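Asker: no sequence on this one, just coordinates:
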């Protein structure tokens, strides 16, 4: 049996493969709107393992697999043995023997890696504490649709050095752009990642410095799932890190701003920007569906 291909971080695909994925996602989006039948995987099953709650991830993967003609099976923490202490590897061997592809939304990135190491079918990281590569596919698709290639552009990340920030760091290398990270002291991405990406990624403290001359400004909530107890301290630490019209005025003319959602309006991003008629945030959210369909297709055909 051939070794399956996985998508745990953006670095699992080459630049040309990622660009092809984005192009295919845009094509599949157009097909969907034109009413083209995309049911090319009848009888296929996507196992969806959720250890973290979700709206967009569940809907986009479940709808996507249905549109591809297959079935998506939702597995919550309290409905699998993973939540009762079964080794990840044992769960992976069993589930992968019964489905055609798996997506996992979990906490530690090592859980995704351990599952993939023994899985006999492709595994997709649908979010871990370390990375959120599927969201980056959607973000890159959105930029390409509205502004063309992101190669050679400048991107600013404003906020926590979380899984999204770390995936943007990987994206800087894979898609050839400069990334400026504006993070408060103590909230930086992993030091080893900063060192590995030092040629393209620059850490600053002042959001204005990061955003000046940027073509894309991205942000996320200040307290991610599992960090609720830190919320008050984080709100203090991130004072001045709100992406609003004043901050965007320092970016390049025509710069886009993105948020992976859900958003806390008035904290990390203003309601004014969220609701602006030219906001691409809603395109970005929809593009999870199309980017992930292209990804599943690529993995199933590998």
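Answerer: Everything's here; your move. Treat the numbers as computed from the prediction; the structure is a model and nothing was measured. Numbers count the residues shown, from 1 in each chain.
Asker: and the lengthiest helix in the chain, how far out from the chain's middle?
Answerer: Longest helix in the chain, counting residues (DSSP state H): helix 281-301. Its chain's C-alpha centre and that of helix 281-301 lie 11 Å apart, by CA atoms, centre = their mean, to the nearest Å.
Asker: distance check, residue 192 against residue 169.
Answerer: Distance of residue 192 to residue 169, computed by CB to CB, to the nearest Å: 11 Å. For the C-beta atoms, the positions are set from N, CA and C on the backbone; glycine is no exception.
Asker: more crowded one of these two?
Answerer: A count of neighbours by other CB atoms under 10 Å puts residue 169 above the other of residue 192 and residue 169, at 24 against 8.
Asker: contact partners for that one?
Answerer: 179, 181, 189, 193-194, 197, 201 (CB atoms under 8 Å, 6 or more residues apart in numbering).
Asker: in the chain, what spans have low per-residue confidence?
Answerer: 1, 81-84, 225-227 (pLDDT under 70).
Asker: specify the beta-bridge partners of residue 72.
Answerer: When bridges are called by DSSP bridges, residue 72 pairs up with residue 46.
Asker: quick one: it and residue 50 touch, right?
Answerer: No: here residue 72 does not reach residue 50: they are 11.4 Å apart, not a contact under CB atoms under 8 Å.
Asker: in helices, which of the contacts of residue 169 appear?
Answerer: Short answer: the contacts of residue 169 in helices (DSSP H) are 193-194.
Asker: out of the contacts of residue 169, which is nearest to residue 23?
Answerer: residue 179 (22.6 Å; CB to CB).
Asker: now the closest one: closest residue in space, sequence neighbours ignored.
Answerer: Spatial nearest neighbour of residue 179, chain neighbours left out: residue 172 (4.1 Å); criterion: CB to CB, 6 or more residues apart in numbering.
Asker: quick one: the one you found from residue 300, how far?
Answerer: Taking CB to CB, one finds residue 172 at 28 Å from residue 300.
Asker: counting neighbours, go ahead and name the busier of these two.
Answerer: residue 172 (23 against 19).
Asker: contacting residues for that one?
Answerer: With the criterion set at CB under 8 Å, 6+ apart, residue 172 makes contact with 155, 178-179, 197, 200-201.
Asker: dump those to CSV, plus distance to residue 267 and neighbour count.
Answerer: Shown next, in CSV, are those (distance: CB to CB, whole Å; neighbours: other CB atoms under 10 Å):
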residue, distance to residue 267, neighbour count
155, 21, 27
178, 27, 17
179, 22, 26
197, 27, 19
200, 28, 15
201, 25, 23
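Asker: greatest separation within those residues: which pair is it?
Answerer: 155 and 197 (12.4 Å).
Asker: what sits in contact with each of those two?
Answerer: Common neighbours of residue 155 and residue 197 (CB under 8 Å, 6+ apart) are 172, 179.
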